[in-house]
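> Sequence plus predicted model, see below.
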There are 2 protein chains.
Amino acid sequence: MNKYDTLKLENQLCFPLYAASREVVRKYKPSLDKIDLTYTQYITMMVLWEREEVTSKELGSLLFLDSGTLTPVLKKLEEKGLLTRSRQASDERNLLVSITEAGKALRDEALFVPEGMAGCLTLSPEEAAALYRLLYHILGKQV
Amino acid sequence: MNKYDTLKLENQLCFPLYAASREVVRKYKPSLDKIDLTYTQYITMMVLWEREEVTSKELGSLLFLDSGTLTPVLKKLEEKGLLTRSRQASDERNLLVSITEAGKALRDEALFVPEGMAGCLTLSPEEAAALYRLLYHILGKQV
DNA sequence: TTAAATTGAATTTAGTACAATTAATCACCA
DNA sequence: TGGTGATTAATTGTACTAAATTCAATTTAA
């Protein structure tokens, strides 16, 4: 035991978290390429498939992304014709994001994405549930 | 139960993994700012504090980073005077990365980083160990 | 000994993150 | 009621990270 042990890679919890996150996002890539979305764009669309209309602020808090990150993502998705951006009449500071028909249509194509990932993570249902709980704990949302 | 359930954000395991990773890296930032390192630079230095000399290739496999990501990181650390980059005589394709005295000296300052993070993650030792194991499982390295 | 295949790093291009700025709204009090 | 300062939300600028492509060195096979 020496004083530098806390600086060893193998003693870090953050490092495997960081690496695993990138690893899994990388695994999504081939499926997401087929529908021409990045991972960030994909989770954004997930919210819109549930909500149809949402403010940028709400999106940010759902996805844990700040507005500086979200702005270019939303502009890109607007370019693709999957959503529209407008200002909320009641408070023009708020950006209102609305899904388009093309955006709704993409949902059916996107069904293949979780299908393709199913075999990728070799965790048992119990392990997956435990991991899920621990991760939301870190995110400050006890489940 | 409808066919779109697999596309709900709350049913994803990848999403909290992605979000938690960014969340924790964000928590490191204030500590890392004090020693003028990004998180990626920090984990790179961690390897060099253990090894002193390592090829770029080995670094990549230890950190799960590819050379395209590593090249700018190593150049930046060289600029800061924390390491030197040279070619391996036996095979000039290999980039040899060596820590400098300044790099070694930084280790003592870096001790404050894990100290500062200690209170940030409110996981019990058992939970931390479980998470650690699950993450390395995803990384394909059973522990 | 040379051509083809492989390996490793660097470059290019795109995406993501943070800090600083700008615009809109709100709250307070004269 | 109207104005001033504080707050909130998004955007912009800059830096970092990631993936795909390119280029150079090496190895292998003919």
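On my side now, so go ahead.
> Can you list the low-confidence ranges for chain A?
A:141-143 (pLDDT under 70).
> Strands of that one, start to end?
A:53-55, A:83-87, A:95-99 (DSSP state E).
> Could you say which of those is packed most deeply?
strand A:95-99 (a mean of 19; mean count of other C-beta atoms under 10 Å in any protein chain shown). Every residue, glycine included, has its C-beta placed from N, CA and C.
> Point out the other helices and strands that that strand packs with.
helix A:39-51, strand A:53-55, helix A:56-63, strand A:83-87 (3 or more C-beta pairs under 8 Å, 6 or more residues apart in numbering or on different chains; DSSP states H and E).
> Check which strands are paired with it and give the direction for each one.
Using DSSP bridges, the strands paired with strand A:95-99 are strand A:53-55 (antiparallel), strand A:83-87 (antiparallel).
> and the longest helix for chain A?
The residue-count maximum for a helix in chain A (DSSP state H) belongs to helix A:14-34.
> if we can go back for a sec, next, format the strands paired with strand A:95-99 as CSV and append distance to DNA strand D.
Formatted as CSV, the strands paired with strand A:95-99 follow (distance: least, C-beta to the nearest atom of the strand, whole Å):
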stretch, distance to DNA strand D
strand A:53-55, 5
strand A:83-87, 6
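> Would you mind giving those as JSON lines with distance to residue A:104 added?
What follows is the strands paired with strand A:95-99, written out as JSON lines (distance: least, C-beta to C-beta, whole Å):
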{"stretch": "strand A:53-55", "distance to residue A:104": "12"}
{"stretch": "strand A:83-87", "distance to residue A:104": "10"}
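> Residue A:134 against residue B:123, yeah?
Yes. In this structure residue A:134 lies within contact range of residue B:123 using C-beta atoms under 8 Å: 7.0 Å.
> So which of the two has more stuff around it?
A count of neighbours by other C-beta atoms under 10 Å in any protein chain shown puts residue A:134 above the other of residue A:134 and residue B:123, at 22 against 16.
> Leaving out chain neighbours, which residue sits closest to that one?
Spatially, and ignoring its direct neighbours in sequence, residue A:134 is nearest to residue B:131 (4.7 Å; C-beta to C-beta, 6 or more residues apart in numbering or on different chains).
> Would you agree that neighbour is in contact with residue A:132?
No. Residue B:131 lies out of contact with residue A:132 (C-beta under 8 Å); the separation is 11.1 Å.
> Pick out whichever of these two has more residues nearby.
The neighbour comparison of residue B:131 against residue A:132 (other C-beta under 10 Å) goes to residue B:131, with 23 against 20.
> List the residues that contact that one.
Taking C-beta atoms under 8 Å, 6 or more residues apart in numbering or on different chains, we find residue B:131 in contact with A:13, A:17, A:131, A:134, B:123.
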